[in-house]
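Participant: Quick one, fold the following:
(one chain, ligands or ions: 2)
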Amino acid sequence: MGAAPVIAAIPMAGLAAAPALSGGSGPSAGTGGDAHVAMGHASMVGDAVPAPGGPGDLDDLLTPPPALPHQPGRVRRYTLAALDRDIEIASGVTFPAWTYNGTVPGPVIRATEDDILEVEFTNAGSHPHTIHFHGIHPSNMDGVFEIVEPGEAFTYRFPARPYGMQLYHCHAAPLKKHIHKGLYGAFIIDPPMPRRPAREIVLVMNGYDTDGDGENNFYSVNGRAFYYAKYPIRVRRSETLRIYLANLTEFDLINSFHLHGEFFRYYRTGSTDQFDYTDTVMQCQGERGIIEIDWHNAGRFMFHAHQSEFTDLGWMGFFDVADD
Ligand code: CU
Ligand code: CU
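Facilitator: Residues are numbered from 1 along each chain as shown. Ligands and ions are numbered 1, 2, ... in the order given. Coordinates of the predicted model:
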């Protein structure tokens, strides 16, 4: 806890300090500034962590809707609206986001393979947008050619396939701006044969360029820097933890997930039974996968990007594994 005052200085300094701290976060990365050395991430835990919001704020983004049994032709309906919103991404740091339904990332969409996914999209924002889903679908449902102007609406309707961890994002031009501003989210398609029981969570990795220089100044999972350091995710040792992980970071080529003290199965895209057994995965922009952790030990275990500068700029958290 001795380093807390130094840590707290980042968000309080806000926009002014962020560029200096983010010098190493771009594709032409050098080493980080001195501030990185002072911010040992092991010291970032509990109430001293300068993350915005309260303990249950991100529950809807963390916990996906439940999986439903295979029932071909069933309609799964979602309503998404594009909204311009100022959101707090780190303590005292506001980002002028473009959102689906007011949050970054947008809501978790879930369907079972062979469901008919129906997404009613209304553009209540200030710019033209779309929703582009990953997966297999007709070209006129792809969210590329049918641009939805402000005040207009469009309904996407197609069979959900293939099963796996998919994602969605706006595909209006300029693409990197529309994605970076916050128009993206997780899209889970469950297999016809249900996955085995597990505690399930969603982690969407992202970044924020708060000064418009094309490099990220903050990183997070589920939208808020340091959030799961302030509010560790509680799990049970006896229960498999299944993480639906996606990378929607712009500007940086790759992001990563590293877990301390444990190994896990990693199903790349989650559309086959093949997995790696590892403790670190990297994902390019738009890449995603499914992690399954069977805990050997109870205790507090850190997870974070293995790019240390991302860690120091917000992409870190903890699992509190209860012994039961
Ligand atoms: Cu857009
Ligand atoms: Cu994409």
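Participant: How about the secondary structure of the closest residue in space to Arg268 that isn't next to it in sequence?
Facilitator: In space, and not counting its chain neighbours, Arg268 is closest to Gly289: 4.7 Å by C-beta to C-beta, 6 or more residues apart in numbering. All C-beta atoms are positioned from the backbone trio N, CA, C, and that covers glycine. Secondary structure, DSSP: H, G, I helix; E, B strand; the rest coil: Gly289 is strand.
Participant: check contacts around Gly289.
Facilitator: 165, 245, 266-270, 281, 283 (C-beta atoms under 8 Å, 6 or more residues apart in numbering).
Participant: who wins for most neighbours among those?
Facilitator: Gly270 (26 neighbours; other C-beta atoms under 10 Å).
Participant: check contacts around that one.
Facilitator: 163-165, 244, 288-290.
Participant: Return the member of those residues nearest to ligand 1.
Facilitator: Arg288 (19.8 Å; C-beta to the ion).
Participant: all helices of the stretch 1-150 of the chain, in order?
Facilitator: 4-21, 34-38, 59-62 (DSSP state H, counting those that start in this stretch).
Participant: Can you name the residues bridging to the residue sitting nearest the centre point of the chain?
Facilitator: Centroid-nearest residue in the chain, with C-alpha atoms, centre = their mean: Val204, separated by 1.1 Å. Beta-bridge pairing of Val204 under DSSP bridges involves Ala246.
Participant: Look up how far Lys176 lies from it.
Facilitator: Going from Val204 to Lys176 by C-beta to C-beta, to the nearest Å gives 17 Å.
Participant: With Ala322 instead?
Facilitator: From Ala322 to Lys176 the distance is 41 Å (C-beta to C-beta).
Participant: cool, Asp59 as well?
Facilitator: 30 Å.
Participant: same check, this time on Phe263
Facilitator: In this structure, Phe263 and Lys176 are 34 Å apart, going by C-beta to C-beta.
Participant: Kindly report the same for Gly270.
Facilitator: For Gly270 relative to Lys176 (C-beta to C-beta), the value is 26 Å.
Participant: residues touching Thr278, list them.
Facilitator: Going by C-beta under 8 Å, 6+ apart, Thr278 touches 263-264, 266.
Participant: let me redo that: Asp323
Facilitator: Per C-beta under 8 Å, 6+ apart, neighbours of Asp323: 237, 298.
Participant: Distance-wise, check the closest residue in space to Glu149 that isn't next to it in sequence relative to Pro150.
Facilitator: Counting by C-beta to C-beta, 6+ apart, Pro128 is the residue found nearest to Glu149 once chain neighbours are left out, at 5.2 Å. Going from Pro128 to Pro150 by C-beta to C-beta gives 7 Å.
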